[in-house]
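# 3D, please:
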Amino acid sequence: MRLTGTTLALLATASLLGAQQPSKPYQEGKVQSFLEHTRENGRPAIVLYNFNLDSG
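Next up, the predicted model:
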């Protein structure tokens, strides 16, 4: 009985941790909409362009 409860608790914890997506430290998408959104929120924004798609 104790082993079953422990196993279920470990499986539940593992499934919760696996469901979380790591957030990206950057955003992808249209630059203009990003800049408009940050201006509305009063936050500073930096836009970087990566033209080398092989490097990420």
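# Give me the pLDDT value at G42.
On pLDDT, G42 comes in at 90.
# report the longest helix in the protein, please.
Counting residues, the longest helix found in the chain (DSSP state H) is helix 2-19.
# Pull the distance from that one to the chain's centre.
24 Å (C-alpha atoms, centre = their mean, to the nearest Å).
# Show me the contact partners of it.
By C-beta atoms under 8 Å, 6 or more residues apart in numbering, the list of residues contacting helix 2-19 from outside is empty. C-betas here are computed from N, CA, C, even on glycine.
# Tell me the first helix or strand C-terminal of that helix.
Next along the chain after helix 2-19, taking DSSP states H and E as the criterion, comes helix 31-41.
# how far does that following helix sit from the chain's center?
19 Å.
# Touching it from outside, list them.
By C-beta under 8 Å, 6+ apart, the residues outside helix 31-41 that reach it are 27, 44-45, 47.
# if we go to 10 Å?
Identification of contacts with helix 31-41 by C-beta atoms under 10 Å, 6 or more residues apart in numbering yields 27-28, 30, 43-47, 49.
# Can you show me the CA trace of stretch 41-56 as PDB?
Taking Å, rounded to 0.1, in the frame of the first residue of the first chain, the C-alpha atoms of stretch 41-56 are listed here in PDB:
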ATOM      1  CA  ASN A  41       3.300  48.900 -21.600                       C
ATOM      2  CA  GLY A  42       6.000  51.500 -21.200                       C
ATOM      3  CA  ARG A  43       8.800  49.000 -21.300                       C
ATOM      4  CA  PRO A  44      12.100  49.300 -23.100                       C
ATOM      5  CA  ALA A  45      12.700  47.000 -26.100                       C
ATOM      6  CA  ILE A  46      15.600  45.700 -28.100                       C
ATOM      7  CA  VAL A  47      15.300  44.000 -31.400                       C
ATOM      8  CA  LEU A  48      18.000  41.600 -32.600                       C
ATOM      9  CA  TYR A  49      18.000  40.100 -36.000                       C
ATOM     10  CA  ASN A  50      19.600  36.700 -36.700                       C
ATOM     11  CA  PHE A  51      20.100  36.200 -40.400                       C
ATOM     12  CA  ASN A  52      22.000  33.000 -40.000                       C
ATOM     13  CA  LEU A  53      19.300  30.400 -39.600                       C
ATOM     14  CA  ASP A  54      21.700  27.500 -39.200                       C
ATOM     15  CA  SER A  55      23.200  29.000 -36.000                       C
ATOM     16  CA  GLY A  56      19.900  29.500 -34.300                       C
END
